[in-house]
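Novice: pasting the sequence and the predicted coordinates here, then a few questions.
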Amino acid sequence: MTDAGEAFRRAYAGGPERHHGKAREQGKLPVRDRVARLLDAGSFAEDALLANWEQDGLGADGVVTGMGQIAGRPVAVMANDPTVKAGSWGPKTVEKILRVQESALTHRVPMVYLVDSAGARITDQVQMFPGRRHAGRIFHNEVALSGAVPQVCVLFGPSAAGGAYIPAFCDVVIMREGNASMYLGSPRMAEMVIGETVSLEEMGGAKMHTGVSGCGHFLVASDEEGIDLAKRYLGYMPTRFDEEPPTAPPAGADPRATPLRELIPADENKPWDMRHLLEGLVDAGTFLEVHKRWAKEIIVGYARLDGRVVGIVANQPKFKGGVLFVDSADKAARFIWTCDAYGIPLLFLADVPGFMIGTQVERQGIIRHGAKMISAVSEATVPKLSVIVRKAYGAGLYAMAGPAFSPDATLALPSAKIAVMGPSAAVNAVFFNQLAAVEDEEGRATKRRELMEEYAEGVDLLHLASELVVDAVIEPEDLRSEVVRRFSLYAGRERPQPRKRHGVIPA
């Protein structure tokens, strides 16, 4: 009779000791320590522990799977073991991942991927790669889970070749600096196939993906920080799409925050930091910024207002004047879609000159990328509040949930300006010939100033309020209480069901 104790010992052992030593040198937590840190103590129910135990060095076939709880709420987990053939996938590895995904879908609970994998075992490819219930099914399941339950990836090491799509299909990807990487072709393959010489970090490292490609959402310094961040992120999420996000005890804003009235420069072209406004607006210590290192001209993230979860989309005048570019439009669109999927109300804070113009961005497809953001705003059925903080010009107003895009209310601070374009640009565009006809420079400057004042009067904020363009003009010190009150009134409303399959996204 087989010794059960020996089977369990080999299953828990993972890979050879030399691989455990290498993982320790890289500052990696053992796979079961990662799972233990993620889940509430004693809550983990593991499945298929004895997969491939009969083969030396293939403990649990390189992946730990099961269900547990985080803060008392159920989740499903898969965690690669990098000591077992570098966390690579064999046939039983794939089957285990598929089964835990199916459990997440059946029980409608969040799915957490703790990824550290070299990808497929080439020697087993016929048994795990091409078939109906092989590796491709993992990504099919991720798409089925998407929007139904939250999916979070913490990337501790490589996620190579086809395996790179596990993080790609998740709602957020947390990457460990120095160790995490994802790429479709390795640097060695790139050199062989296309003659490119590049380092692993340049090709697909954590800093590159969180700062350049946008494939990574958070950059962390350690395994522990990454796991703790995943738990914090899930604290803003409902267990599934048809439940409400979890509330917390009401709390005030940071008392040390600079008063909003002192923050906003009168000169609409002067940069300032929108994060300082957030400090005095949301519950203290609750803002979790997403994609902080990428497309910095727009800020997105989760926070709480009087204990309720909200998603924030805010222009950032400190970077590129808050102008919307290709990447910032994509960043905002994806965040808006995520919030709408999980019933998280949206707060837009606008200080935007519009979308970037010029040959470079036109060739990058600024029109279709901008349309993607505007589509996301249009499709969102969660409560939406749009606050015009300083200016909202051109299509920037549309992208920030302007009046035509069905916000529950459009609020404006006294500093707000709403127009097709700013006074200077408008005067130069409309009255160019008139100004050119004025021969002396002083007279031309006087004429330009008069025309700008006349233009500004035509789009005066109080006039726009009279015309019902804005629903309320709010004093800066009253903004938090006004936003809290309105989101409280909008909470719990029934969301309409679409009467079509889906729109055609401007990809």
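Specialist: Ah, there it is. Since the structure is predicted, the reported quantities are computational estimates derived from the model, not experimental observations.
Novice: only C-alpha atoms from now on, for both contacts and neighbour counts.
Specialist: Will do.
Novice: now the helices for the stretch 401-507 of the chain?
Specialist: Using DSSP state H, counting those that start in this stretch, the helices of the stretch 401-507 of the chain run over residues 423-430, 432-437, 441-458, 461-466, 479-490.
Novice: which one, of these, ends up nearest to residue 302?
Specialist: helix 479-490 (14.6 Å; CA to CA).
Novice: name the helices or strands packed onto that closest one?
Specialist: Here helix 479-490 touches no other helix or strand, going by 3 or more CA pairs under 8 Å, 6 or more residues apart in numbering; DSSP states H and E.
Novice: for residue 4, give its distance to residue 265.
Specialist: Here the criterion is CA to CA, to the nearest Å. By it, residue 4 lies 72 Å from residue 265.
Novice: between those two, who's got more neighbours?
Specialist: residue 265 (13 against 9; other CA atoms under 10 Å).
Novice: not counting its neighbours along the chain, what's nearest that one?
Specialist: residue 272 (7.4 Å; CA to CA, 6 or more residues apart in numbering).
Novice: the one you found contacts residue 260, doesn't it?
Specialist: No: between residue 272 and residue 260 there is no contact under CA atoms under 8 Å: 11.7 Å.
Novice: for the residue nearest to residue 265, phi and psi?
Specialist: The phi/psi pair for residue 272 (degrees, to the nearest 10) reads phi -160, psi 170.
Novice: list the contacts for it?
Specialist: 263-265, 316-318 (CA atoms under 8 Å, 6 or more residues apart in numbering).
Novice: between those, which has the most around it?
Specialist: Most surrounded of the contacts of residue 272: other CA under 10 Å gives residue 316, at 26 neighbours.
Novice: got a list of what that residue touches?
Specialist: Applying CA under 8 Å, 6+ apart, we find residue 316 in contact with 272-275, 296-299, 322, 351.
Novice: generate a PyMOL selection restricted to the buried entries among those residues.
Specialist: Buried subset of those, written as a PyMOL selection, criterion 16 or more other CA atoms under 10 Å:
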select buried, resi 272+274+275+296+297+298+299+322+351
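Novice: pLDDT, secondary structure and distance to residue 133 added to the contacts of residue 316, as CSV?
Specialist: Listed next are the contacts of residue 316 as CSV, based on pLDDT from 0 to 100; DSSP: H, G, I helix; E, B strand; the rest coil; distance: CA to CA, whole Å:
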residue, pLDDT, secondary structure, distance to residue 133
272, 98, coil, 53
273, 98, coil, 50
274, 98, helix, 48
275, 98, helix, 47
296, 99, coil, 41
297, 99, coil, 43
298, 99, strand, 41
299, 99, strand, 40
322, 98, helix, 47
351, 98, strand, 49
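Novice: just give me the closest of the contacts of residue 316 to residue 50.
Specialist: Out of the contacts of residue 316, the member with the shortest distance to residue 50 (by CA to CA) is residue 299, at 45.8 Å.
Novice: tell me the SS of residue 208?
Specialist: helix (DSSP: H, G, I helix; E, B strand; the rest coil).
Novice: so it sits against residue 217, correct?
Specialist: No: using CA under 8 Å as the test, residue 208 is too far from residue 217 to be in contact (11.1 Å).
Novice: what residues sit buried inside stretch 358-370?
Specialist: In stretch 358-370, counting by 16+ other CA under 10 Å, buried: 366-370.
Novice: span of it from start to end?
Specialist: First-to-last residue span, stretch 358-370, CA to CA: 14 Å.
Novice: what residues does it touch?
Specialist: Stretch 358-370 has contacts (CA under 8 Å, 6+ apart) with 325-326, 329-330, 355-356, 399, 506-507.
Novice: just among these, which is most surrounded?
Specialist: residue 399 leads the contacts of stretch 358-370 on contacts (other CA under 10 Å) with 28 neighbours.
Novice: against residue 414, how distant is that residue?
Specialist: 21 Å.
Novice: between the helices of the stretch 401-507 of the chain, which one is nearest to residue 37?
Specialist: Using CA to CA, the nearest of these to residue 37 is helix 479-490, at 34.4 Å.
Novice: and that closest one, how far out from the chain middle?
Specialist: Its chain's C-alpha centre and that of helix 479-490 lie 24 Å apart, by CA atoms, centre = their mean, to the nearest Å.
Novice: residues contacting residue 89?
Specialist: Residue 89 neighbours (CA under 8 Å, 6+ apart): 62, 117-121, 128.
Novice: columns pLDDT, distance to residue 340 and neighbour count on top of the residues you listed, output as CSV?
Specialist: Listed next are those as CSV, based on pLDDT from 0 to 100; distance: CA to CA, whole Å; neighbours: other CA atoms under 10 Å:
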residue, pLDDT, distance to residue 340, neighbour count
62, 95, 36, 30
117, 95, 32, 30
118, 91, 34, 22
119, 88, 33, 20
120, 88, 35, 22
121, 91, 38, 18
128, 89, 35, 23
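Novice: next step: those restricted to helices.
Specialist: residue 128 (DSSP state H).
Novice: which among the contacts of residue 89 gets closest to residue 151?
Specialist: residue 117 (17.9 Å).
Novice: can you verify my assumption that the closest one contacts residue 84?
Specialist: No: the pair formed by residue 117 and residue 84 falls short of the contact definition of CA under 8 Å, at 9.5 Å.
Novice: phi and psi next, for residue 103.
Specialist: phi -60, psi -40.
Novice: so what sits opposite the closest residue to it other than its chain neighbours in the bridge?
Specialist: Spatial nearest neighbour of residue 103, chain neighbours left out: residue 76 (7.3 Å); criterion: CA to CA, 6+ apart. On DSSP bridges, the residues paired with residue 76 through beta bridges are residue 67, residue 111.
Novice: tell me, how many residues neighbour residue 76?
Specialist: Residue 76, neighbours per other CA under 10 Å, totals 27.
Novice: check contacts around it.
Specialist: Residue 76 neighbours (CA under 8 Å, 6+ apart): 65-68, 100-101, 103-104, 109-112.
Novice: repeat the analysis, applying 10 Å as the threshold.
Specialist: 39, 44-46, 65-69, 100-105, 107-113, 151 (CA atoms under 10 Å, 6 or more residues apart in numbering).
Novice: measure it to residue 163 for me?
Specialist: Taking CA to CA, one finds residue 76 at 19 Å from residue 163.
Novice: in the stretch 1-150 of the chain, which segments are predicted with low confidence?
Specialist: 1-2 (pLDDT under 70).
Novice: the same query, at a cut-off of 80, please.
Specialist: Along the stretch 1-150 of the chain, segments meeting pLDDT under 80 span 1-3.
Novice: got the residue ranges for the helices in it?
Specialist: 4-13, 17-25, 31-38, 91-107, 125-128, 136-145.
Novice: to residue 256, which of those helices lies closest?
Specialist: Using CA to CA, those put helix 31-38 closest to residue 256, at 32.7 Å.
Novice: that closest one vs helix 4-13, what angle?
Specialist: For helix 31-38 against helix 4-13, the angle by axes from the mean of the first three to the mean of the last three CA atoms, to 10 degrees is 70 degrees.
Novice: for helix 31-38, the distance to its chain's centre please.
Specialist: 24 Å.
Novice: just stretch 178-188 next, same as before
Specialist: On CA atoms, centre = their mean, the centre of stretch 178-188 falls 21 Å from the chain's centre.
Novice: how long is that stretch end to end?
Specialist: Stretch 178-188: ends 19 Å apart by CA to CA.
Novice: low-confidence ranges, the stretch 351-500 of the chain, go.
Specialist: Looking at the stretch 351-500 of the chain by pLDDT under 80, you get 423-433, 435-439, 443-448, 450-458, 498.
Novice: quickly list what residue 418 is bridged to.
Specialist: Applying DSSP bridges, one finds that residue 418 bridges with residue 392.
Novice: give the contact list for it.
Specialist: 351-353, 388, 390-394, 396-397, 402, 412, 456, 459-461, 464, 469-470.
Novice: swap in residue 331?
Specialist: Residue 331 is in contact with 214, 217, 290-291, 294-296, 298-300, 313, 325, 373, counting by CA under 10 Å, 6+ apart.
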